[in-house]
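[1] any chance you can model this:
(4 chains, ligands or ions: 4)
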Amino acid sequence: MAVQKFPIAKAINESLRTALEADPKVLVMGEDVGKLGGVFRVTDGLQKDFGEERVIDTPLAESGIVGTAIGLALRGYRPVVEIQFDGFVFPAYDQIVTQLAKMHARALGKVKVPVVIRIPYGGGIGAVEHHSESPEALFAHVAGLKVVTPSNASDAYWMLQQAIQSDDPVIYFEPKRRYWEKGEVNTDAIPDPLHKARVVREGTDATLVAYGPMVRTCLEAAAAAAEEGKSLEVVDLRSVSPVDFDTVQASVERTGRLVVVHEAPVFFGSGAEIAARITERSFYHLEAPVLRVGGFHSPYPPARVEEDYLPGLDRVLDAVDRSLAY
Amino acid sequence: MAVQKFPIAKAINESLRTALEADPKVLVMGEDVGKLGGVFRVTDGLQKDFGEERVIDTPLAESGIVGTAIGLALRGYRPVVEIQFDGFVFPAYDQIVTQLAKMHARALGKVKVPVVIRIPYGGGIGAVEHHSESPEALFAHVAGLKVVTPSNASDAYWMLQQAIQSDDPVIYFEPKRRYWEKGEVNTDAIPDPLHKARVVREGTDATLVAYGPMVRTCLEAAAAAAEEGKSLEVVDLRSVSPVDFDTVQASVERTGRLVVVHEAPVFFGSGAEIAARITERSFYHLEAPVLRVGGFHSPYPPARVEEDYLPGLDRVLDAVDRSLAY
Amino acid sequence: MTVESTAARTPRRAGSGGKRTSASSKSASAKSTAADAKSAGTKKGASARKAGDGQPELVQLLTPEGERVVSAEYDRYVADLTPEDLRALYRDMVMTRRFDAEAVTLQRQGELGLWPSLLGQEAAQVGSGRATRQDDYVFPTYREHGVAWCRGVDPTLLLGMFRGVNNGGWDPNGNNFHLYTIVIGSQTLHATGYAMGVAKDGADSAVVAYLGDGATSQGDVAEAFTFSAVYNAPVVFFCQNNQWAISEPTEKQSRVPLYQRAQGYGFPGVRVDGNDVLACLAVSKWALERARAGEGPALIEAFTYRMGAHTTSDDPTRYRRDEERESWEVKDPIKRLRAYLEAQGHADEAFFAELEAESETLGKRVRDVVRAMPDPDPMSIFENIYADGHALVDEERAQFAAYQASFADAPADAVAGGEVK
Amino acid sequence: MTVESTAARTPRRAGSGGKRTSASSKSASAKSTAADAKSAGTKKGASARKAGDGQPELVQLLTPEGERVVSAEYDRYVADLTPEDLRALYRDMVMTRRFDAEAVTLQRQGELGLWPSLLGQEAAQVGSGRATRQDDYVFPTYREHGVAWCRGVDPTLLLGMFRGVNNGGWDPNGNNFHLYTIVIGSQTLHATGYAMGVAKDGADSAVVAYLGDGATSQGDVAEAFTFSAVYNAPVVFFCQNNQWAISEPTEKQSRVPLYQRAQGYGFPGVRVDGNDVLACLAVSKWALERARAGEGPALIEAFTYRMGAHTTSDDPTRYRRDEERESWEVKDPIKRLRAYLEAQGHADEAFFAELEAESETLGKRVRDVVRAMPDPDPMSIFENIYADGHALVDEERAQFAAYQASFADAPADAVAGGEVK
Ligand SMILES: Cc1ncc(C[n+]2csc(CCOP(=O)(O)OP(=O)(O)O)c2C)c(N)n1
Ligand SMILES: Cc1ncc(C[n+]2csc(CCOP(=O)(O)OP(=O)(O)O)c2C)c(N)n1
Ligand SMILES: [Mg+2]
Ligand SMILES: [Mg+2]
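    Numbers count the residues shown, from 1 in each chain, chains lettered A, B, ... in the order given. Ligands and ions are numbered 1, 2, ... in the order given. Have a look, this model is predicted:
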């Protein structure tokens, strides 16, 4: 049965299952991914079906998880590593940045290190500290890594397939607050390329660029704007490294205006890179400066004020209004 | 004797000495900072004069160094930590990002964590891998940290004094390839504020913004451009978090053009943030998009090609020409 | 139990389908090496008991039935406890458990977002917490509600972060009790650094770093062991081995008992019955006195059990058997001390009844305080990020204030969208 | 030597000006604990020698004078060595030293940017390197030139990264010898992961992770110990304790001998005379055979000495005394084996003369190859960053090519500026 409706979490689970079935070299490893099926149940049932040698509960040590995954990849395995929450990837940061990202280049291409690192990310789930962060910029800046993030079930399924098939290390950010949103997954489809952005709503007055959890927010904003008579185009970026600037540029050159939206802090965030590059590419097309909507330069705040911190429909539309005012 | 001519490395040494003398709570700690005086001799003689209890050779463990420095700061000390080279800060990244940066906020202001982390950074010294990187963007994105970098001996001295006096964690990046460049240090002067940018050369046709090792490169570029009849203004940013956008904006609104230069990779680098924000602030003043000159999206290359990788006078002037061509 | 035979119990390669000899048929050569490690680092004495099931010895002063065991080594640390002291320990455990239960309820009622229960670990926490002096400093994980209680931290302050109104709601220096730390293991380095500072000051305070069994795998904890040993820092690592790190049993972290980790770093490790408040108190006092006396760090493994879920978000039925929990019921730390108090005639019905009432009062107070806890002002997002200020924060604060104000100015129907986000 | 007394040798608090009791006057209580750790994990046997100066026992098969020591435990691992094998080991060490010396010279001449000399560590590297089988896999630090030699890696390939023409110039899978790793300790996790993979494959290969004494402090190494123990991975941690981590002596990393670290993780640790190639070979074979047999990891501490500077950039006169180096001269690994070969009549003058000539030939070849090593094409900056390509890299490559081409087009005087940058 090729087309099914899955929540994003289940689509990822299915994708892992498909990969484990298709290639005996694929491994799933991380804290609590086995019997428990992960704290979000994303790996539910996998250890039961594929055994402890393929779906591995690891010691509580993120550097060790990524470091041993590198070694396993050098031996010919394709480990898919889970980091339990965004805020817990940092103990592994050294292994990711100085080893995983650079090993292929260091070996002049003679070795490949196809490790996928799955990270549930972003806020909006009322969690305690370290459980709601969006650290994608800290990986995108680093050459040797690819950074992607799906916004819907179909992409969740297919982009993970593609990430696992890629011979490069891929950081796969999962929009955890959208885990339970359902969407159709066609497991027979021919998916878009992994790093291609997608226009998910067409419009003429301004472009919204978002990825992961903010795509839905932007679609809602565009719907609200439509009621006010404004036509917003929404681009789902899908890949943060590389960024598909061509698709963004084409959209901006149609609409003349761009607002980039992400949960991560604005300062040194993805929006800065997109703004800088699109301004360079489309200088004469822009009617207004590229505006950015995102987190503040603060630690992720306590849950009871996260709705004020997170970009919502209003802050997006406020930026659209400011853009249109130029 | 208030005014002396020091190489940058010696200015830092003097600044540490002054701080150790002035405040018994100041500590210097790191790998090889004691008897050896550090691999660059920046801490030369300090252990001899202040003893092993104040100038501490630590075990070879960066997370441990920063983590214990946090504990010492909680006890009332003001540790000045040395990371031996830019590429070796990543094992400490978790402690810096999840603990050092956030502890003041986490405690609702009830504790202060005045740790300074000194990191010799940047390339151009013909070194092996991991010894030539510029990771400042990876710290600037993180709220709770301050990120500064001097370009000359006087700033090296004074900015370190200010960093040590600050009650906030400060990442102090030292332009290692400029360590031996001399400049006057007036230890009686009243220094500029730590986070203030400085116009180091006035000009009218375009603004160059740089910091750390690239300031000299930009001054050389400006001198070369002057011979071609182009008048470039050069701004030494000095602080990467916060960025003194006011000073940059004022300059750009005079010249109408901006080129940002840094050694770090352009993608998701400081230049992106500066370009995005200045474009937003000065949209109607810009005659050309903000252009960026920096490292490529590649690992820092082997020493024998680093001159091709590093922004040099030519690449800066190439960007200036492209800017002027708009 | 030797190092080797512990390892042999759980051959890891067996399941790999490989053609190797299994770990249980090791060569004589390996044996001769590992066998030397036999019970290395164990504290021995009359009080050392087998924990059953091939587990190594642990220090015990009170049996599960509440009988006092004589210990040549550790009795001295509890010798001066008066009946009043014993009742106070009992009270600490009861109050802590009551508080914890209230927090679990409050979470179920939606007043808290999450709660990590300490149920079952009261003795480990009260015993070690009461061993500390006022000038000592404690670095907890996120589960040390009982230690917080002993340090004098108002328990209602612990709830703020789990309600989502702050990320740490008390002044660490108020009671020398640091904020809860969520990133596993990182606080052990803070504790070590703090202890290095204590030593530099020439003070004779000590520091306690709490950690879990899972935490022992983190590189930070190993680095804390290294730094504390090299600088001979007055820090006690108090590891509550509650057998589980979320869904992972201790065998996923180590193939030998955790207390043995210490010896390879050059300081002693002791396993203590973590459900025996007297033993935990005694062993903690021993370690703290060593630290004060300049003898450096020690590792205590309090062998206990997480009776509840990892947190209120967790469902332990997915990964562990009920019988396991039941086997620990009989070792309950509170029952055990009560049996002793009653047998010794140290406490009467009136005491228990009064305590019951007192604990109910605490429960009510906690309930009332939590329910009245206001949400933070959104503008607080911009506070305390920096001690010395930061231009960007000022700019964003001002922008956000203006943005907020724009809603106040707007006509009512325009504001409606604000609720959607 | 007990754990405790080693620690007591170096009281850390003494210098702190505190009012504490120094570590050397510990309480009886602490003593009883730590004393149990006495020589835990040490391999004992006739071959175990005192290293002098209160150091613990180490495995030795050949004395500094070249006398063969009988070892009940380890003789079997070298029993089948023929005189030819012994000469081959000798040749390995001589060739390695010659190569190393040439590299130092080339650095002085400006042909290399840096060189980390292995002088003094030839026995540790050749002994362990020759213990490996072809299908084993080796994860070196940046100093394992002797191991590379044994693995069959062309030594000239090692020089590329130190000349600055690449960051690793050989195919790791060509000789199952991974690239040099500079970030201290990180390769121990790669080795562990690789070994986990070997076990999954059901293969009977083993993996060797090299590390230095300084590296033992890194969290990554501790995590490698944990993972290898928990998964019973066939990995041997071969730590060359050359007494120094740049300017820091081993006491800055640990207050007990490093090999003892292993037991707290549940696998054996052995200290071997790192200047005795036979002992290093034997102990490595023992550990590798264990690993192959499914008995999991082991830690070998090869007690040796870094006779040269840390690297050619380093000036050891700033932090250590000449006499220390001199005291190690007499323990030289090459002299020692030569004495044995001569005493046994296993090698004659012709052999030594021929080897001398052969090593000179190597020196010359290295010189010639290095001098002829071309600088990389600047466009290589954009190669091999990704296996599957990356749009931004393609864009930057194209831009840079156009930029480079712009100089070619420009008139000669405009190009001049290009040399300034
Ligand atoms: C660095 C890091 N990784 C993962 C987590 C998620 N996590 C929270 S608690 C926990 C288990 C901790 O187990 P243990 O140390 O035994 O303490 P316990 O919860 O049993 O008290 C995990 C994996 C975390 N908080 N920090
Ligand atoms: C993470 C990290 N920190 C610091 C350094 C700088 N550094 C290079 S070698 C070295 C000392 C290593 O000592 P040891 O492990 O004993 O190995 P040896 O050099 O003696 O062979 C240091 C501190 C590094 N390479 N990596
Ligand atoms: Mg636990
Ligand atoms: Mg060394």
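[2] how about the residue of chain A found nearest ligand 3, secondary structure?
    Ligand 3 sits closest to residue A:60 of chain A, with a gap of 9.0 Å, by Cβ to the ion. Glycine gets a C-beta too; all of them are placed from N, C-alpha and C. The three-state label given to residue A:60 by DSSP: H, G, I helix; E, B strand; the rest coil is coil.
[3] per-domain residue ranges of chain A.
    Following the assignment in automatic domain parsing, chain A carries domains at A:3-186, A:198-324.
[4] tell me which of these lies nearest to residue B:13.
    Closest to residue B:13 of these, according to Cβ to Cβ: domain A:3-186, at 28.6 Å.
[5] off-centre distance for that closest one?
    Here domain A:3-186 shows a centroid-to-chain-centroid distance of 11 Å under the convention Cα atoms, centre = their mean, to the nearest Å.
[6] can you pull the pLDDT of the residue of the stretch 151-300 of chain C found nearest ligand 3?
    Going by Cβ to the ion, ligand 3 is nearest to residue C:212 of the stretch 151-300 of chain C, at 3.8 Å. Among the per-residue scores, residue C:212 shows a pLDDT of 98.
[7] mind listing what residue C:133 touches?
    C:205, C:206, C:288 (Cβ atoms under 8 Å, 6 or more residues apart in numbering or on different chains).
[8] oh, that last question was meant for residue A:277, not what I typed.
    Going by Cβ under 8 Å, 6+ apart, residue A:277 touches A:243, A:245, B:272.
[9] what does the stretch 101-250 of chain A put close to chain B?
    A:101-102, A:105-106, A:129-130, A:137-138, A:140-141, A:143-144, A:241 (Cβ under 8 Å from any Cβ of the partner chain).
[10] now pLDDT too, for the residues you listed, in CSV please.
    Output for these, formatted as CSV (pLDDT from 0 to 100):
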residue, pLDDT
A:101, 98
A:102, 98
A:105, 98
A:106, 98
A:129, 98
A:130, 98
A:137, 98
A:138, 98
A:140, 98
A:141, 98
A:143, 98
A:144, 98
A:241, 98
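[11] now, those residues that are in helices?
    Within those, residues falling in helices by DSSP state H are A:105, A:106, A:137, A:138, A:140.
[12] of the residues you listed, which is the nearest to residue D:63?
    residue A:106 (41.6 Å).
[13] surely that closest one and residue D:178 touch.
    No: using Cβ atoms under 8 Å, residue A:106 makes no contact with residue D:178, being 10.1 Å away.
[14] nearest to chain D: which residue in the stretch 201-350 of chain C?
    The nearest approach of the stretch 201-350 of chain C to chain D comes at residue C:219, 2.0 Å away (Cβ to the nearest Cβ).
[15] what's near enough to touch the residue lying closest to that residue once chain neighbours are set aside?
    Nearest residue to residue C:219 in three dimensions, chain neighbours excluded: residue D:219, at 2.0 Å (Cβ to Cβ, 6 or more residues apart in numbering or on different chains). Contacts for residue D:219 (Cβ under 8 Å, 6+ apart) come out as A:63, A:91, B:61, B:63, B:64, B:91, C:218, C:219, C:220, C:222, C:223, D:185.
[16] the fourth one and residue B:92, how far apart?
    Taking Cβ to Cβ, to the nearest Å as the measure, residue B:63 falls 5 Å from residue B:92.
[17] compare those two (neighbour count), which wins?
    Shown here are residue B:63 and residue B:92; by other Cβ atoms under 10 Å in any protein chain shown, residue B:63 has more neighbours (31 against 26).
[18] many thanks, I have nothing further to ask.
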